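In: the sequence and its predicted three-dimensional model are supplied below.
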Amino acid sequence: MQKLLFLGIGISLGLLSLIYPIDGYEKTKIARLLYVEKAVNSEKGYSRIPEGALLKTEDIKLNLKSCDGEPADSILVEDDEFTRAIKNVMPHGNYSLTALDMTDPSAIKYAAYNENRGYQPGSVGKLVVLNAFFSELKKIYPNSWDKRTDLMRDKRVTSGIFGTGDHHTIPVYNIETEKQVKRKVVASDVFSLYEWLDHMVSVSNNGAATVVYREVMLMNHYGKDYPELTDEEALNYFKETRKDTLTNRANRVINQPLRDLGITKDEWRLGGMFTHASAKYVGRKGGSSATPKGLMKFLVALEQGNIHDKETSLEMKRLIYLTDRRIRYAQSPRLKKAAVYFKSGSYYKCDRTKNPNCGDYQGNVFNYMNSVIIVEHPNGKKYMVCLMTNVLNKNSAWAHLDLANKIDRIINPDA
């Protein structure tokens, strides 16, 4: 009997991969940030945060604004020497990677290894949802960034069935009691849009990602009426609209913002929502696939400030800033002092008839593990890596970490 498992990185290993600068509570009202900030500032300290995770909100900058007029394809031209160095450290097997040294924006170096090979992106696909969310948000308030952040902070929406079904947990902090618990999303949960975004990206919760995906569809349908939309009206929209209509809308609104960035369907696409419960209303279409080049084109646009506008790009970068324990590629000890912006995901399938002991992240049918990372060292070395693998019968987490060490030695040899 075959067993199919879909797992995102932060929650997959039972670790809390907290995102967003820890001084961000006053701006976002993400309750969890207050818990972390208090822990960091306590007498005991907060030892699980490495030195590179202590940037303040104002410290996070975009690195390629000087190249904002250049299309990604003109930037992603292989540097022969850099490419040879990267290829020399690549393991044997089903590995694909793109790397961009942007230490000097006027002399960018790009390397590629199987850059156009497609993989199931797993939870890296949540960046597609993040992108689509900000796309629709800008349509509602095209001329006011403050109104967009006000809506994210103040509008609260209920999970309903969309957020249920993920066995992984989210951190829920009670400001009055100063207690935090980790638990599954339940149908009655109510969080702000900012907090749902945080749960989606920080702990890679599938239920939160589906709630955000739902809100993208609602923003697209209701437009400027969305801010006043009630939970009841939102649910009625899904109940009263044909499933094929909803499926087509879901596919269009989530993927079109990628096309607007010049990322093709073959380079990156998302086929549907992240929880089984959502299938009651919205089907899947087109499948999910990504290539290392498609992922790198997205990161280039982000660092240029070209994802919708510079305010949006910067906010998306803050949302993927890693401020807690690091795992897989990001766990490299060479990156402890570096600021790291990170998203990863895995997706694997075990055929128990072939191997009854097929374990977690060791699929023998397929075994995808992907990492997208921006690294900023204190000495000014800055680079991005998009790594995608499908190595059967082994957990590739340590291989990712080892490769991270080797690539960092190439780009930052003096560390």
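Out: That came through fine. Numbering: from 1, shown residues only.

In: can you give me the first-to-last residue distance of stretch 349-360?
Out: End-to-end span of stretch 349-360 (CA to CA, to the nearest Å): 9 Å.

In: residues contacting Met316?
Out: Neighbour list for Met316: Leu130, Asn131, Phe134, Leu302, Ile307 [criterion: CB atoms under 8 Å, 6 or more residues apart in numbering]. Using the backbone N, CA and C atoms, a C-beta is placed for each residue, glycine as well.

In: C-terminal to the lowest-mean-pLDDT helix or strand in the chain, what's the next element?
Out: Of all helical and strand segments in the chain, the minimum by mean pLDDT, DSSP states H and E falls on helix 9-12, at a mean of 33. Note on helix 9-12: by DSSP states H and E, the next helix or strand toward the C-terminus is helix 25-28.

In: give me the buried positions along that following helix.
Out: Tyr25, Lys27, Thr28 (16 or more other CB atoms under 10 Å).

In: now do Gly21: how many residues are near it, please.
Out: For residue 21 the amino acid is Pro, not Gly. Applying other CB atoms under 10 Å, we find 24 residues neighbouring Pro21.

In: pLDDT at it, what is it?
Out: Model confidence at Pro21, given as pLDDT, is 76.

In: without its sequence neighbours, what residue ends up closest to it?
Out: Using CB to CB, 6 or more residues apart in numbering and skipping residues adjacent in sequence, the residue nearest Pro21 is Thr57, 4.4 Å away.

In: ok, that neighbour to Met273 distance?
Out: Relative to Met273, Thr57 is positioned 31 Å away (CB to CB, to the nearest Å).

In: one more: Tyr194?
Out: Taken as CB to CB, the span from Tyr194 to Met273 is 20 Å.

In: tell me the strands in the stretch 51-200 of the chain, going along the chain?
Out: Counting by DSSP state E, counting those that start in this stretch, the stretch 51-200 of the chain has strands at residues 95-101, 109-113, 156-158, 170-174, 179-183, 190-192.

In: repeat for the stretch 251-400 of the chain
Out: 268-269, 289-290, 339-351, 366-376, 382-390.

In: how about those strands in CSV, adding mean neighbour count and distance to His168?
Out: Below are the strands of the stretch 251-400 of the chain laid out as CSV (neighbours: other CB atoms under 10 Å; distance: least, CB to CB, whole Å):
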stretch, mean neighbour count, distance to His168
strand 268-269, 26, 24
strand 289-290, 24, 22
strand 339-351, 24, 12
strand 366-376, 25, 17
strand 382-390, 24, 22
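
In: compare those and give me the one nearest Arg242.
Out: Arg242 lies closest to strand 268-269 among those, at 22.8 Å (CB to CB).

In: what helices or strands is that closest one leaning on?
Out: Other elements packing on strand 268-269 under the criterion 3 or more CB pairs under 8 Å, 6 or more residues apart in numbering; DSSP states H and E are helix 243-260, strand 289-290, helix 292-304.

In: for the shortest one, packing partners?
Out: It stands for strand 289-290. strand 268-269.

In: centre of the chain to the strand it packs on, how far?
Out: 14 Å (CA atoms, centre = their mean, to the nearest Å).

In: pull up the pairing partners for it, direction included.
Out: Partners of strand 268-269 in the sheet, by DSSP bridges, are strand 289-290 (antiparallel).

In: what about the partner strand, distance to the chain center?
Out: 14 Å.
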